[in-house]
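*Asks:* Everything below, folded, please.
(2 chains, ligands or ions: 2)
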Amino acid sequence: MNEGGILLAMTYRQLKRYFRAKSRLIGTIVNPLIFFLFLGMGWSFSLGGGLSKQLFGGIDYLAFLAPGITVMTIFTSSLVGGISVIWDKEFGFLKEVLVAPASRTYAIIGRAFGDSLTSVLQGAIVLCMMYLLVPGLKLEGSLPALALGLVTALSFNGLGIAIASKMRSPEGFQLIMSLITLPLIFLSGAFYPIDRLPSAAKIIFYMNPLTFAVDSTRYFLTGVNSIPLIADISALIILCIGFITVSVRIFERSTIE
Amino acid sequence: MDESAISARNLVKKFGDLIAVNRVSFDVKKGEIFGFLGPNGAGKTTTINILVTVMKPTGGEAFVAGHNVIKEPIKVREKIGVVFQDNTADRYLTGWENLYIHGLIYGLKGDELKMRIEDALEFAELTKFKSVPVKNYSGGMMRRLEIARALMHSPEVLFLDEPTIGLDPQTRARIWEYIRMLRKEENVTIFMTTHYMDEAEKLCDKVAIIDHGKIMAMGSPEDLKNSLGGDMLYVKVNNPMDEIKEFAEEIVRERIALSYRLVGDMVAFSVRYASKAIPPVFELANTFDIKVEEIKYTQPSLGDVFLHYTGRELRDEEGNWKDLIRMRRAARARMRR
Ligand SMILES: Nc1ncnc2c1ncn2[C@@H]1O[C@H](COP(=O)(O)OP(=O)(O)OP(=O)(O)O)[C@@H](O)[C@H]1O
Ligand SMILES: [Mg+2]
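*Replies:* Ligands and ions are numbered 1, 2, ... in the order given. Below you'll find the model as predicted:
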């Protein structure tokens, strides 16, 4: 069965579509930036330098927030990308894949990979802005942060595909997006540190895959973190394999019913 | 089995209580254009979905290009090209990009791939528009692109689900032209569905009339029409009713016509050949002192055949109305995106 071909085809398609859909490109960048500006600037001024350093492990609130905003960008964009497989169903492109003598596993991996590359690119754009707006972020942390960003993107793209498979029509798209993205972001430690939370609340944070992405990215960019790096990375890689496997399983069973 | 490109045996597909395909059996010879003619909801798309391995039948079996569609779906997929009823090209990509992706998916690469793309574009007469996003294509351009795409990997069997649905008459004629050309140049077997009688009549070597999931009649368009017993001869007369009846009955008795019906002020005779029946009808009219005001005849259309075998008319209005709803729905969904 043709594996390399369909992997390349799907990656190519997702990249082409990304560069043609300007509105999606801008949309998933604007949202995190709004959070950054209004939440970040507001708290940063209210807290002032000293108090802020005490609360956020020795760094300024903006520096604390910057990794969260970067991860938020990658996360939203990859989840949207995964769920958008529902449009492929609605508009028939999926049938073109299902009727081909090609590996479906590689089809969905190629799709997820292409999407994830675009999500990381979005993240990189936001990260550049962070470097411009926030003094003191570690420049050498950018590459490992984006590399782990790719793992994060693949995970949530896989999750998105799994969610899409449970949706009968694209109608609920917006609702699901806001029901999933906002809670996950707020419960990830992107906006405030989780160290001082009561342990019951901490468990909720640890169950959220996004927590590990935020924590590790924060470590790469600022040197501050609350979970050991090796735990973050292991958790993300396991999640990534898990979600991608689930989405592959689901996609392989697809027929048109 | 070697002779047949497609052979279906007692295919059944149920959706809950609904039997969408009901014990359908047929054979398509290699190189033939075989058509499924039926109204909306007849089970045409469901049958295609089963044959192209994207849907499992509830019962029965089918072979395409010598392979079992249930047990060897990959083998079948290698040998077929499919144009689905709804467009499946990626609207945000250009014609060239859509063909490129298709080629990669089917294992083409390098110069071979580039060459086949150019050939396909030329065949679809879209070379000039190869860098235009498909969402800016007209319905006809889109359909041509999809047909050319389905042929890019040289399939043995081509499936076309309502190839001209929703297109204007000129565009439809052009697509027909295109399908005929295909058969001549590509040596491919074509299985197509349609709810347009003229399309089935003009294109297909063999037609199966399908209604409510059942094949009601099958044969060449000629044979199907002949199976109705020949032509209809309409004679407009101006006489009292009892005289007309006497005259008509005499004609049937003389075996000039097979049967007659009174339709308004016309007598409709069912005859084998209208041209042969007209002189004796005139003769008898003279003998019976019947005043013939007008005489005309029609050859049965596939529409009459459809009416005969299903007891219903295959009305294009109904089709168009449903097509319109379908297209509106698709357009709305597109705008939402
Ligand atoms: N996935 C499905 N679930 C339930 N019912 C279905 C499904 N697909 C088709 N049907 C029903 O099966 C019947 C046959 O549908 P099918 O799409 O095969 O008809 P068709 O001949 O292609 O008609 P059309 O001209 O509308 O395309 C219809 O009554 C349809 O509503
Ligand atoms: Mg149909």
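*Asks:* In the chain, mark out all the helices, start to finish.
*Replies:* Here I'm looking at chain A. All helices of chain A, identified by DSSP state H, fall at A:4-20, A:22-35, A:42-55, A:61-83, A:85-90, A:93-98, A:104-133, A:142-166, A:173-186, A:199-207, A:209-222, A:229-252.
*Asks:* The intended chain is chain B.
*Replies:* Per DSSP H, chain B carries helices over the ranges B:44-51, B:73-79, B:95-105, B:110-123, B:139-151, B:169-186, B:197-203, B:221-226, B:241-253, B:274-287, B:302-310, B:316-336.
*Asks:* which bits of chain A sit near chain B?
*Replies:* Chain A comes close to chain B at residues A:1-2, A:5-6, A:8-9, A:12-13, A:16-17, A:20-21, A:87, A:90-93, A:95-102, A:107, A:170, A:255-257, as judged by Cβ under 8 Å from any Cβ of the partner chain. In short, each C-beta sits where N, CA and C put it, glycine included.
*Asks:* Distance-wise, check residue A:53 relative to residue B:117.
*Replies:* 60 Å (Cβ to Cβ, to the nearest Å).
*Asks:* Oops, could you answer that again for residue A:242 instead?
*Replies:* Going from residue A:242 to residue B:117 by Cβ to Cβ gives 38 Å.
*Asks:* who has more neighbours, those two?
*Replies:* Under the neighbour definition other Cβ atoms under 10 Å in any protein chain shown, residue A:242 and residue B:117 were set side by side, and residue B:117 has more, 23 against 14.
*Asks:* now residue A:56, nearest residue through space, not along the chain?
*Replies:* Computed as Cβ to Cβ, 6 or more residues apart in numbering or on different chains, the closest residue to residue A:56 that is not its neighbour in sequence is residue A:64, at 4.1 Å.
*Asks:* Share the number of residues neighbouring the residue nearest to residue A:136 when sequence neighbours are not counted, please.
*Replies:* Among residues not flanking residue A:136 along the chain, residue A:63 sits closest, at 5.9 Å (Cβ to Cβ, 6+ apart). Residues lying near residue A:63 (other Cβ under 10 Å) number 26.
*Asks:* Distance of residue A:63 relative to residue A:222?
*Replies:* Per Cβ to Cβ, residue A:63 is found 5 Å from residue A:222.
*Asks:* so what sits against both of the two?
*Replies:* Residues touching both residue A:63 and residue A:222 (Cβ atoms under 8 Å, 6 or more residues apart in numbering or on different chains): A:136-137.
*Asks:* Compare the helices of chain A and report which one is nearest to ligand 2.
*Replies:* The minimum distance between ligand 2 and those falls on helix A:93-98, with 12.9 Å, by Cβ to the ion.
*Asks:* Show me where chain A dips below the pLDDT cut-off.
*Replies:* For chain A, applying pLDDT under 70 flags the ranges A:1, A:24, A:49, A:254-257.
*Asks:* change it to 90
*Replies:* Within chain A, the stretches with pLDDT under 90 are A:1-4, A:19-64, A:80, A:83-94, A:104, A:133-137, A:163-183, A:185-209, A:223-227, A:249-257.
*Asks:* show me the contacts for the residue nearest the centre of it.
*Replies:* Taking Cα atoms, centre = their mean as the criterion, residue A:75 is the residue nearest the geometric centre of chain A, at 1.7 Å. Contacts here follow Cβ under 8 Å, 6+ apart; on that basis residue A:75 touches A:152-153, A:156, A:181, A:184-185, A:210, A:213.
*Asks:* now do residue A:174
*Replies:* Residue A:174 makes no contacts at all, as judged by Cβ under 8 Å, 6+ apart.
*Asks:* next one: residue A:113
*Replies:* A:7, A:10-11, A:14, A:154.
*Asks:* hmm, 7 Å instead?
*Replies:* By Cβ atoms under 7 Å, 6 or more residues apart in numbering or on different chains, the residues touching residue A:113 are residue A:11.
*Asks:* For it, give its distance to chain B.
*Replies:* Distance, residue A:113 to chain B, by Cβ to the nearest Cβ, to the nearest Å: 14 Å.
*Asks:* so which of the helices of chain B gets nearest ligand 2?
*Replies:* Nearest of these to ligand 2, taken as Cβ to the ion: helix B:44-51 at 3.0 Å.
*Asks:* could you give me the average pLDDT of that closest one?
*Replies:* For helix B:44-51, mean pLDDT rounds to 96.
*Asks:* Distance from the chain centre to that helix, please.
*Replies:* Its chain's average C-alpha position is 14 Å from that of helix B:44-51, according to Cα atoms, centre = their mean, to the nearest Å.
*Asks:* Show me what that helix packs onto, helices and strands only.
*Replies:* With contacts taken as 3 or more Cβ pairs under 7 Å, 6 or more residues apart in numbering or on different chains; DSSP states H and E, helix B:44-51 sits against strand B:4-15, strand B:18-29, strand B:59-64, strand B:157-161, strand B:189-194.
*Asks:* Can you check what angle separates that helix from strand B:18-29?
*Replies:* Orientation note: helix B:44-51 sits at an angle of 60 degrees relative to strand B:18-29 (axes from the mean of the first three to the mean of the last three Cα atoms, to 10 degrees).
*Asks:* buried residues in stretch A:22-36?
*Replies:* Of the residues in stretch A:22-36, A:24-25, A:28-29, A:31-33, A:35-36 count as buried by neighbour count, 16 or more other Cβ atoms under 10 Å in any protein chain shown.
*Asks:* Ligand 1: which of the residues you listed is nearest?
*Replies:* Nearest to ligand 1 among those: residue A:24, at 29.9 Å, using Cβ to the nearest ligand atom.
*Asks:* quick one: contacts for the nearest residue to residue B:32 once chain neighbours are set aside?
*Replies:* Nearest residue to residue B:32, sequence neighbours excluded (Cβ to Cβ, 6+ apart): residue B:205, at 4.9 Å. Residue B:205 makes contacts with B:32-34, B:220, as judged by Cβ under 7 Å, 6+ apart.
*Asks:* Go through those residues and flag which are in strands.
*Replies:* Mapping the contacts of residue B:205 onto strands (DSSP state E) picks out B:33-34.
*Asks:* Among the contacts of residue B:205, name the buried ones.
*Replies:* Among the contacts of residue B:205, those buried by neighbour count (16+ other Cβ under 10 Å) are B:32-34.
*Asks:* Can you convert those residues into TSV and add a column each for distance to ligand 1?
*Replies:* Output for the buried ones among the contacts of residue B:205, formatted as TSV (distance: Cβ to the nearest ligand atom, whole Å):
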residue	distance to ligand 1
B:32	21
B:33	18
B:34	15
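*Asks:* Would you mind measuring from the closest residue to residue B:117 other than its chain neighbours to chain A?
*Replies:* Counting by Cβ to Cβ, 6+ apart, the nearest residue to residue B:117 once its immediate chain neighbours are dropped is residue B:99, at 4.6 Å. Residue B:99 sits at a distance of 11 Å from chain A (criterion: Cβ to the nearest Cβ).
*Asks:* can I assume residue B:99 is in contact with residue B:120?
*Replies:* Yes. The pair residue B:99 / residue B:120 is scored as a contact, 5.5 Å apart, by Cβ atoms under 7 Å.
*Asks:* For the nearest residue to residue B:77 once chain neighbours are set aside, give me its contacts.
*Replies:* Spatially, and ignoring its direct neighbours in sequence, residue B:77 is nearest to residue A:101 (3.9 Å; Cβ to Cβ, 6+ apart). Residues in contact with residue A:101 (Cβ under 7 Å, 6+ apart) are A:1-2, B:74, B:77-78.
*Asks:* now, among these, which is nearest to ligand 1?
*Replies:* Comparing the contacts of residue A:101 against ligand 1 with Cβ to the nearest ligand atom places residue B:77 closest, at 20.3 Å.
*Asks:* Which residues of the stretch 101-250 of chain B lie near ligand 1?
*Replies:* For the stretch 101-250 of chain B, the contact set with ligand 1 under Cβ under 6 Å from any ligand atom comprises residue B:195.
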